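Peer 1: predicted model and sequence follow; I will ask about them next.
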Amino acid sequence: MVRTQGTHHIFLLGLISWTSSAGHCHLYNNRYVGEKVIRIFPKSDKEADELRNVYHQLQVDLWQPSSISHVMKDTVSDVHTSINSSHALLSYLTKMKIKHRILVNNVQKMLDSQEFRPRRKRRSLKKYNYEEYHPLNEIESWMFFMNKTYSDLVYIFSVGKSYEGRQLFVLKLGKDTQSYKKAIWIDCGIHAREWIGPAFCQWFVKEAVSSYKKDPAMRKILNLLDIYVMPVFNVDGYHFSWHSDRFWRKTRSKHRGCHCHGVDANRNWKVHWSDEGASLNPCDNNYCGPFPESEPEVKAVAQFLYRQRKHIRAYLSFHAYAQMILYPYSYQYNAIPNLSCVELAANNAVLAIRSAYGTRYKHGPASTTLYLTSGSSMDWAYSKGIPYSYAFELRDTGHYGFLLPESLIRPTCTETMLAVKNITMHILKKCH
Ligand SMILES: [Zn+2]
């Protein structure tokens, strides 16, 4: 989906901005009124290429960009538009006879409907509701609570500070067995608006610690492995997506000589930085930053992973939406050296997901399955010798997009949990 960038600059601070008019409450200060999400079906590479220019001119927000060379494989692009850009885009599509469908006619109306409104009943941490989206302060309190409650299995630490000075907290799960342990890294919320990510990270921790005693597989995993879980990678952006702009994606850094905020934290890693699939324009949503690791969040996590690279056997990063399990490379079409092992684990993970509710995931190298991107965390982790590196694109395939209702947190997390357990068990076995 695509939306104009201009609206990003008008924002209010404070808890989710509500305005009241004629007895109705509007979230986020009613800023998305009349905005649309349009799904576009380009039927050739040429058409997709021309569309890309149109998107750029109209400064729409691409929720799901279509790839150049794989258009024929049923790829679509979802575009979030302002009122003005939607008029221009729709008339262009009609004139050029390009197939399209309006997915959301009024984004504000969708946000304001009961289904998408986060339930905001505050409960004690003992009754923490994993089927709700939580703002950053609640997630942080929950992390400390988990550390206190399961002190033999959960350790909390910070890898550094964000641009706005927030701590970058990570939970380390695992039984302290004194012996050398391999490790797995899991992060969620690199992109702020993908709220299902942080919800999954919390679900994972809850499942891991609560099933340790009764589930022999989980006991084995936590006895033999350390699992690092970072529920919210892009803390500043996530906070901003709660309070000011639900569709914010980037970090919140400010760079000299530019009025636009933020860098795409998944284009900022020191691996083919600023190549294909990343923008050098600070106002673009896939802006790769002024230099690699310019974002303190990326630098802090990269330093931690680098120091721990000999222990870490798998890097898992959670995104939305597309229903895919992706592995390297993102930046090129060549196959990775250990393709058969990585592909086998991905294939089994996809089958595990399907076994729960029949949800269908695609899997494969990111470059050919989704699109070419450079400077991604997944490619970086792989380049540093972490043999299993995956990016998950969780539910759905565009019906709700980033506004996945809370009622779908449980099924999404349940099936994803099976996939992650599956990959973890694979890592404990030998694969050559
Ligand atoms: Zn993402």
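Peer 2: The structure has been received and is ready for your questions.
Peer 1: for N234, list the residues it contacts.
Peer 2: Residues in contact with N234 (C-beta atoms under 8 Å, 6 or more residues apart in numbering) are 162, 189-192, 250-251, 265, 297. C-beta: built from backbone N, CA, C; applies to glycine.
Peer 1: and for R122?
Peer 2: Here R122 is in contact with no residue (C-beta under 8 Å, 6+ apart).
Peer 1: am I right that it is in a strand?
Peer 2: No: looking at R122 with DSSP: H, G, I helix; E, B strand; the rest coil, it is coil, so not inside a strand.
Peer 1: can you list phi and psi of it for me?
Peer 2: Phi and psi for R122, reported as degrees, to the nearest 10, are phi -80, psi 130.
Peer 1: so what sits opposite the residue of the stretch 301-432 of the chain found nearest the ion in the bridge?
Peer 2: Residue nearest to the ion within the stretch 301-432 of the chain: H319 (3.2 Å; C-beta to the ion). Legend: beta-bridge partners of H319 under DSSP bridges are E393.
Peer 1: how about the contacts made by it?
Peer 2: 190-191, 194, 197, 266, 391-394.
Peer 1: the residue in the stretch 151-300 of the chain that the ion sits nearest to: neighbour count?
Peer 2: Scanning the stretch 151-300 of the chain for proximity to the ion using C-beta to the ion identifies H191 as nearest, at 3.4 Å. H191: 26 surrounding residues under other C-beta atoms under 10 Å.
Peer 1: sec struct for E415, please.
Peer 2: helix.
Peer 1: how about it, what does it touch?
Peer 2: Shown in contact with E415 (C-beta under 8 Å, 6+ apart): 352-354, 356-357, 359.
Peer 1: what about 6 Å?
Peer 2: Neighbour list for E415: 353, 356-357, 359 [criterion: C-beta atoms under 6 Å, 6 or more residues apart in numbering].
Peer 1: now do A320
Peer 2: 194, 196, 394.
Peer 1: okay, those residues in CSV with neighbour count and distance to N29 next?
Peer 2: Formatted as CSV, the contacts of A320 follow (neighbours: other C-beta atoms under 10 Å; distance: C-beta to C-beta, whole Å):
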residue, neighbour count, distance to N29
E194, 25, 22
I196, 28, 24
L394, 28, 28
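Peer 1: what about the ion: which of the residues you listed touch it?
Peer 2: The subset of the contacts of A320 within reach of the ion, by C-beta under 5 Å from the ion, is E194.
Peer 1: tabulate the contacts of A320 (CSV), appending pLDDT.
Peer 2: What follows is the contacts of A320, written out as CSV (pLDDT from 0 to 100):
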residue, pLDDT
E194, 97
I196, 98
L394, 97
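Peer 1: just for this protein, where's the confidence low?
Peer 2: 1-24, 65-75, 118-120, 432 (pLDDT under 70).
Peer 1: around the ion, which positions in it sit nearby?
Peer 2: Checking the chain against the ion by C-beta under 5 Å from the ion, the hits are 191, 194, 319.
Peer 1: buried subset of the contacts of E415?
Peer 2: When the contacts of E415 are checked for burial by 16 or more other C-beta atoms under 10 Å, the buried set is 353, 359.
Peer 1: can you redo the contacts of E415 as a markdown table with secondary structure and distance to E47?
Peer 2: Formatted as a markdown table, those follow (DSSP: H, G, I helix; E, B strand; the rest coil; distance: C-beta to C-beta, whole Å):
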| residue | secondary structure | distance to E47 |
| --- | --- | --- |
| I353 | helix | 32 |
| A356 | helix | 37 |
| Y357 | helix | 35 |
| T359 | coil | 30 |
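Peer 1: and which of the contacts of E415 is nearest to L89?
Peer 2: L89 lies nearest to T359 out of those, by C-beta to C-beta, at 30.9 Å.
Peer 1: tell me how far the closest one lies from L408.
Peer 2: Taking C-beta to C-beta, to the nearest Å as the measure, T359 falls 10 Å from L408.
Peer 1: then Y28?
Peer 2: Relative to L408, and taking C-beta to C-beta, Y28 is found at 21 Å.
Peer 1: could you do E415 as well?
Peer 2: As judged by C-beta to C-beta, E415 and L408 stand 11 Å apart.
Peer 1: ok, L428 next?
Peer 2: Taken as C-beta to C-beta, the span from L428 to L408 is 30 Å.
Peer 1: so these two - more neighbours on which side?
Peer 2: L408 (16 against 13).
Peer 1: now do the same for that one: helix, strand or coil?
Peer 2: helix.
Peer 1: contact partners for it?
Peer 2: Per C-beta under 6 Å, 6+ apart, neighbours of L408: none.
Peer 1: recalculate using a threshold of 7 Å.
Peer 2: R395 (C-beta atoms under 7 Å, 6 or more residues apart in numbering).
Peer 1: what do you get for the one 3 residues further on?
Peer 2: Residues in contact with P411 (C-beta under 7 Å, 6+ apart) are Y357.
Peer 1: mind picking the two most distant members of the contacts of N234?
Peer 2: Pairwise over the contacts of N234, using C-beta to C-beta, the maximum falls at S162 and H191, 14.6 Å.
Peer 1: what sits closest to E194 if chain neighbours are left out?
Peer 2: A320 (4.1 Å; C-beta to C-beta, 6 or more residues apart in numbering).
Peer 1: picking that back up, okay, the contacts of E415 in TSV with distance to G401 next?
Peer 2: Shown next, in TSV, are the contacts of E415 (distance: C-beta to C-beta, whole Å):
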residue	distance to G401
I353	19
A356	22
Y357	19
T359	16
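Peer 1: farthest-separated two in the contacts of E415?
Peer 2: Going by C-beta to C-beta, the pair spanning the contacts of E415 furthest: I353 and Y357, at 8.5 Å.
Peer 1: where does the residue of the stretch 151-300 of the chain closest to the ion land in three-state SS?
Peer 2: Secondary structure state of H191, per three-state DSSP, is coil.
Peer 1: residue contacts, it?
Peer 2: Here H191 is in contact with 234, 249, 266, 319 (C-beta under 7 Å, 6+ apart).
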